[in-house]
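A.B. asks: Got a sequence here, can you build the structure:
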Amino acid sequence: MGWASAGAIFDPVARAMVELGAPDEMKIRVLGDLIGALQDGDWDTEGESLDEFQDDPAIVEAFRQHDVYLRCGNESTDGEWCEMERGHAGDHVDYRGSRWPQAAGLTDVTPEDAE
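C.D. replies: Alright, predicted model coming up:
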């Protein structure tokens, strides 16, 4: 069972770094170390924090370095969502490993946008 409340630790720290204008290199290093420590504590809702800071390239990179990334979200013709990183090259791939070509998807929205 994961630790869903770690966002209450990460988010205020990330928000403060953004508000204070921390350099990208500092955000990547400090927040990357924090992400790693929280993951070691079984943080399992990293994606929610990533979504909140998806417009900050340095924070996105800190998450990427810890295998958390923005999902493509392209929808297949059978209603599944691409699990690859947003902007990926090549075929879309869902959680089952099913593939479909870039042009065959129905949408370019994330699953969250579709709700």
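A.B. asks: CA atoms for contacts and neighbours, from now on please.
C.D. replies: Noted.
A.B. asks: Surely residue 81 and residue 94 touch.
C.D. replies: Yes: taking contacts as Cα atoms under 8 Å, residue 81 lies within contact range of residue 94: 5.6 Å.
A.B. asks: who's more crowded, these two?
C.D. replies: For residue 81 versus residue 94, neighbours defined as other Cα atoms under 10 Å are more numerous around residue 81 (23 against 17).
A.B. asks: Across the sheet, point out what pairs with the more buried one.
C.D. replies: Beta-bridge pairing for residue 81 (DSSP bridges): residue 75.
A.B. asks: How is this protein partitioned into domains?
C.D. replies: Listed by automatic domain parsing, the domain ranges of the chain are 4-64, 71-115.
A.B. asks: chain center to the last one: distance?
C.D. replies: Okay, so that is domain 71-115. Centroid separation for domain 71-115 versus its chain: 15 Å, with Cα atoms, centre = their mean, to the nearest Å.
A.B. asks: Same question for stretch 34-46.
C.D. replies: The chain centre lies 13 Å from the centre of stretch 34-46; the measure is Cα atoms, centre = their mean.
A.B. asks: Repeat that for stretch 42-58.
C.D. replies: Relative to the chain's own centre, stretch 42-58 is displaced by 5 Å; criterion: Cα atoms, centre = their mean.
A.B. asks: cool, stretch 59-72 as well?
C.D. replies: With Cα atoms, centre = their mean as the basis, stretch 59-72 stands 5 Å off its chain's centre.
A.B. asks: Tell me if residue 38 really is in a helix.
C.D. replies: Yes: counting by DSSP: H, G, I helix; E, B strand; the rest coil, residue 38 is part of a helix.
A.B. asks: Could you report the pLDDT at it?
C.D. replies: On the pLDDT scale, residue 38 is placed at 95.
A.B. asks: What is the neighbour count of the nearest residue to it once chain neighbours are set aside?
C.D. replies: Using Cα to Cα, 6 or more residues apart in numbering and skipping the chain neighbours, the partner closest in space to residue 38 is residue 6 (6.6 Å). Other residues near residue 6 number 19, with proximity taken as other Cα under 10 Å.
A.B. asks: Look up how far residue 18 lies from residue 78.
C.D. replies: 40 Å (Cα to Cα, to the nearest Å).
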